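In: need coordinates for the below:
(one chain, ligands or ions: 1)
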Amino acid sequence: MGDRSRSLDRPPSAVREAVGRSTTTAALTFVGTATTILELGSFTLLTDPNFLHRGQRAYLGKGLWSRRLTDPAIDIEDVPPLDAIVLSHLHGDHFDRVARRGLSRDAPVLTTPAAAQRLRSWGFETAPMSDWEQVELGDARESLVITAVPGIHARGVMRTLLPPVMGSVIEHRVGGVLRHRLYVSGDTLTGRHVDEVHRRFPAIDTGVVHLGGTRVLFHTVTMDAEQGVDFIGRVQPRQVIPVHHADYGVFRSPVTDFVVAAGRAGHRDVHVVKPGERVDLEPRSAQSGTGPA
Ligand SMILES: [Zn+2]
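Out: Residues are numbered from 1 along each chain as shown. The predicted structure follows:
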């Protein structure tokens with residue numbers, strides 16, 4: 001890593017010591033929308049915390065709201081102790097008023113500079129990240145490196161109406177050996193910016209892909225089924241977990257369309273995870289290389 005990386009000098013979370021979790025753990029619990037709990041070795045991350053309940057409205061900026069159609073699978077009080085929160089951008093379906101009120105201020109929020117500025121004013125510790133910047137947690141024995149990667153929420157005039165977005169590549173290493181590489185797309189459209197992520201991070205183990213084909217002001221601002229298939233064609237993750245597809249009225253592209261289209265394109269490793277379900281992520285295989293790539 002170059003000078004664009006920094007280390008957050010933090011003690012291990014209490015839960016790690018308490019449960020003595022194995023360094024081989026790699027699991028994802030789906031909470032709803034793009035909210036997941038990621039367990040990688042002894043680290044625990046939370047992504048895009050959205051804890052509004054069914055019927056409550058999320059603010060999408062510029063006077064736009066959307067009503068939530070689902071309940072989160074767990075409530076904010078039941079979130080385990082966290083090492084960090086990774087946030088793609090500041091929209092109400094990714095960071096809501098329940099999160100603002102209820103999340104512990106102990107874990108830093110890794111997010112875009114724009115979102116970080118706002119979160120700091122709400123009392124959160126933040127690590128503002130521009131594209132390709134990295135944050136490292138842990139030490140030489142066991143580490144997580146999170147890299148911010150580009151996201152494009154919309155093109156043309158819509159781009160100016162929406163906040164900047166980042167994706168993230170999360171790498172878990174034990175004793176310097178890469179154990180798992182996970183790419184969370186964030187709310188992005190597909191396109192050439194994704195090719196650069198693939199070039200810098202070949203052999204992605206798990207792609208967590210924000211879908212939904214979100215329509216705002218007659219524009220599509222997250223990937224629909226067709227875009228999602230193009231995205232996984234560019235990234236070539238070994239396994240794909242779709243998120244952000246069933247929770248709001250503005251999500252227009254059902255995940256079943258994506259599963260069918262992905263199957264047609266020859267992508268078999270799509271796992272639709274139900275809210276509340278915890279899935280073990282397939283271990284990094286020998287073929288994808290276990291060296292410190
Ligand atoms: Zn969204």
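In: on the three-state scheme, A262 is what?
Out: Three-state call for A262 (DSSP: H, G, I helix; E, B strand; the rest coil): helix.
In: secondary structure element holding L28?
Out: Element membership for L28, per DSSP states H and E: strand 26-32.
In: quick one: is that strand near the ion?
Out: No: using CB under 5 Å from the ion, strand 26-32 never reaches the ion; the gap is at least 11.9 Å. Glycine gets a C-beta too; all of them are placed from N, C-alpha and C.
In: surely R238 is in contact with E282?
Out: Yes: between R238 and E282 there is a contact under CB atoms under 8 Å: 6.5 Å.
In: who's more crowded, those two?
Out: Neighbours were counted for R238 and for E282 using other CB atoms under 10 Å; R238 has more, 17 against 14.
In: rewinding a little: overlap in contacts of R238 and E282?
Out: 205-206 (CB atoms under 8 Å, 6 or more residues apart in numbering).
In: which ones are touching the residue in the stretch 1-150 of the chain that the ion sits nearest to?
Out: In the stretch 1-150 of the chain, the residue found nearest to the ion is D93; the distance is 4.4 Å by CB to the ion. D93 makes contact with 33-34, 50, 58, 60, 66, 68, 244, 247-248, according to CB under 8 Å, 6+ apart.
In: beta-bridge partners for the nearest residue to it once chain neighbours are set aside, please?
Out: Nearest residue to D93 in three dimensions, chain neighbours excluded: A58, at 4.5 Å (CB to CB, 6 or more residues apart in numbering). When bridges are called by DSSP bridges, A58 pairs up with S66.
In: can you give me the neighbour number for A58?
Out: Neighbours of A58 under the rule other CB under 10 Å: 22.
In: double-check that E196 belongs to a strand.
Out: No: under the criterion used here (three-state DSSP), E196 is helix, not part of a strand.
In: check which helix or strand covers the nearest residue to it once chain neighbours are set aside.
Out: Closest residue in space to E196, ignoring its immediate chain neighbours: P150 at 7.2 Å, by CB to CB, 6+ apart. Element membership for P150, per DSSP H and E: strand 142-151.
In: ok now that strand, how far from the chain's centre?
Out: 10 Å (CA atoms, centre = their mean, to the nearest Å).
In: same check on stretch 248-258?
Out: 18 Å.
In: list the buried residues of it.
Out: Neighbour counts over stretch 248-258 (16 or more other CB atoms under 10 Å) mark 248, 250-251, 253-255, 257-258 as buried.
In: what is the nearest of those to V157?
Out: V250 (18.1 Å; CB to CB).
In: T44 is in contact with L82, correct?
Out: Yes: look at L82 against T44 with CB under 8 Å: they come within range, at 5.4 Å.
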